[in-house]
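>>> Sharing a model prediction with you, sequence too.
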Amino acid sequence: MSILQNKNFVNALICVAIGILIWFAPIPEGIQPKAWHLFAIFVSTILGFILQPFPMGTTVLISLTIAVFTGVLKLGEALSGYNSSTVWLVLSAFLFSKVIIKTGLGIRIAYLLIKYFGKSSLSLGYIIVVTDLILSPAMDSNTARAGSIYPIVRSLCDAFNSTPENENRSFGSFLMQCEFQGNCVTSAVFMTAMAGVPLSLSLAQESFNISISWGIWFLAALLPSLIAIIVTPFVIYKLSPPSIKKTPLARDLAEKGLAECGPVTFQEKLTLTIFLLAILLWSTASLTGFNITAIAMLAVVLSVITGLINWKKDACTDSAAWDTFVWMGGIIGLAGLLTKFGLVPWFATTVSGHLTGLSWPMILATLAIVYMYSHYAFASGTAHVVAMYIPFVTVSISAGVPPILAVLTFSFIAPIFQGLTHYSMGCAPIYFGSGYTSLRTWWIIGFVLSAIYLIIYALVGPMWWNILGLWG
C-alpha cells in the first residue's frame, strides 16, 4: 500500500492543508495576525479530532508544538490550559471510575436493581437507565459507563433467547436502546457524568467568566433531566416495542450474577464509602467552600492509599484518562487564548450584525437547533463542544440572551445530542454493533428522542432555572 493510500496519512494531510489555507488567507479586518494564525492551528486541531489521523492527545501535542515553533504562542501560553481545574477534575473522575469497575461495585449494583425491580421489559429498561444514573457521578466517561453495563444488557438478552437473528430480536433492541439513549440523559444530570459537560463549563468560565458549581448544575439539571429519564424508556417502548413483555427470568439471571460476585467485599464497601463521601462533599461545596476538583482528587488519593487501585499498575496505565488529560488541557488553553486574542469577540460581533430584527428567544432557539443537529457531522461529543460551543454562546449573548441562560442551554445540549446516530459517541458502535437494531430504527429513535429532549430542556429548563433564581 502506498503512503497516499494510507487513510491516516490522507486525513493528516487534509488537516494540515486546511490549516495552511487559513494561515495564508487574507486576514479579516479587525483581527490581529497572531489571532488569525492561532485560529488556523485551532481549526486544524478540530479537524484532527474529527478525522483522527492520530489519537486526540497526539493531535493536541502537535498543534501546541507548531504554535510555539511558529511564534504564535509562548511555551507558557501553550501550556496554560493545564492550569485549568477542569482538566484535573476529569482526570480524577476517570481514575476513580476504574475503582468502581475493578472492585465490582458497579456490576453488583446493576444486578441488585435487576433482581428487585426487573419484572417486565419496560421496568428492565428503566432499571438499566437508573443503574447508569447511579454510576454517573463518579464516572465522567459515559463510554466507560455504558461499556461496563453492556455485558449485563447482553446477558439479559441471552437469558430470554433474544439474538439478532431470531424473533425475539426486538427485546434486545429495546434494552440496547434504553442504555444507549439513557446514557445520554444521565450524562446531563451531574457535572462529573460526561467529559463534555465540565469542558463546556470550563470554556464558559474562561471565555465569559461564568462559573457554575457542581451543586448548582445538579439543581439546574434535576427537573428537566428527571422528565427526560422518565420519558426515554417509554418512548423507545412505543417506537420499538419488545416482543417479550414480562421478564420473570431477570430475577434468576440477577441472582446468578450476584452469586458469581460472591459476598460483598471490604473493597466494595470502602469504594461505596468513598463514593458517597465524594457525592456529599460535591453537593455541599457551596457551603463548605471545598473545590470540586480537590474533592475528586481526594477520592483518587483515598483509593490509592487504601489499596483499591495501584498507582503504577492501574492509574498510570489508564491510557484513556491520560490521553483525555493531554488533549483537554491543550484545547482549553487554545480556546481561551482565541478569546483573549480577540477572535471570538470579533466573530460574535460580526454574526450578531446579521441577526438584527430577531428576538433573543428566537435567536437562542434557532442556534440551539443548529447546535443540536450539527452533531450529525461529528463522531465525538467533545470535538463538537470544542468546535462550536464558544462561538454559539458568544453569538447568543451578543444577541441579548441572558449569559447564564445561554451557557446552560448549550451545556445541556452537549450530552443529549450524542444519541442521534450510531457513530455519535464512543459507546455507540458497541451497542449498534450488537446487531439488534437496524440502522433505520436507530436513526428514527435518535431523532425522535432528540426532538423531545430539545422541547424538554427548551421549555422546562428556562422556567426551572428562573425559579431557581439563575436568571430573569
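In hand now; what should we look at?
>>> Is it correct that residue 472 is in contact with residue 466?
Yes: between residue 472 and residue 466 there is a contact under C-beta atoms under 8 Å: 4.2 Å. Yep, even glycine has a C-beta here, placed from its N, CA and C like the rest.
>>> which neighbours do the two share?
Residues touching both residue 472 and residue 466 (C-beta atoms under 8 Å, 6 or more residues apart in numbering): there are none.
>>> mean confidence for stretch 364-377?
If you average the pLDDT over stretch 364-377, you get 87.
>>> I should have written stretch 430-437 there, sorry.
Here the average pLDDT along stretch 430-437 is 82.
>>> repeat for stretch 114-129
The predicted model gives stretch 114-129 an average pLDDT of 86.
>>> so how far is it from its chain's centroid?
Put simply, stretch 114-129 sits 25 Å off its chain's centre (C-alpha atoms, centre = their mean, to the nearest Å).
>>> Enumerate the positions of that stretch that are buried.
For stretch 114-129, burial by neighbour count (16 or more other C-beta atoms under 10 Å) applies to 114-115, 117-118, 120-129.
>>> Among those, which one lies nearest to residue 177?
residue 125 (8.4 Å; C-beta to C-beta).
>>> can I assume residue 283 is in contact with residue 214?
Yes: taking contacts as C-beta under 8 Å, residue 283 lies within contact range of residue 214: 7.2 Å.
>>> Look at those two and report which has more neighbours.
Each of residue 283 and residue 214 has its neighbours counted (other C-beta atoms under 10 Å); residue 214 has more, 27 against 16.
>>> Just list what the helix or strand harbouring residue 416 packs against, helices and strands only.
Using DSSP states H and E, residue 416 sits within helix 403-416. Here helix 403-416 touches helix 169-186, helix 196-208, helix 214-239, helix 360-373, helix 381-398, helix 439-455, helix 461-467, going by 3 or more C-beta pairs under 8 Å, 6 or more residues apart in numbering; DSSP states H and E.
>>> That one vs helix 360-373, what angle?
20 degrees (axes from the mean of the first three to the mean of the last three C-alpha atoms, to 10 degrees).
>>> Enumerate every residue touching residue 420.
Residues near residue 420 by C-beta under 8 Å, 6+ apart: 373, 375, 376, 443, 446, 447, 450.
>>> Residue 224 versus the fourth one, what's the distance?
So that's residue 443. Distance, residue 443 to residue 224, using C-beta to C-beta, to the nearest Å: 24 Å.
>>> So these two - more neighbours on which side?
Neighbour count, other C-beta under 10 Å: between residue 443 and residue 224, residue 224 has more, with 25 against 15.
>>> Might you report the residue contacts of that one?
With C-beta under 8 Å, 6+ apart, residue 224 has these contacts: 412, 456, 457, 460, 461, 464.
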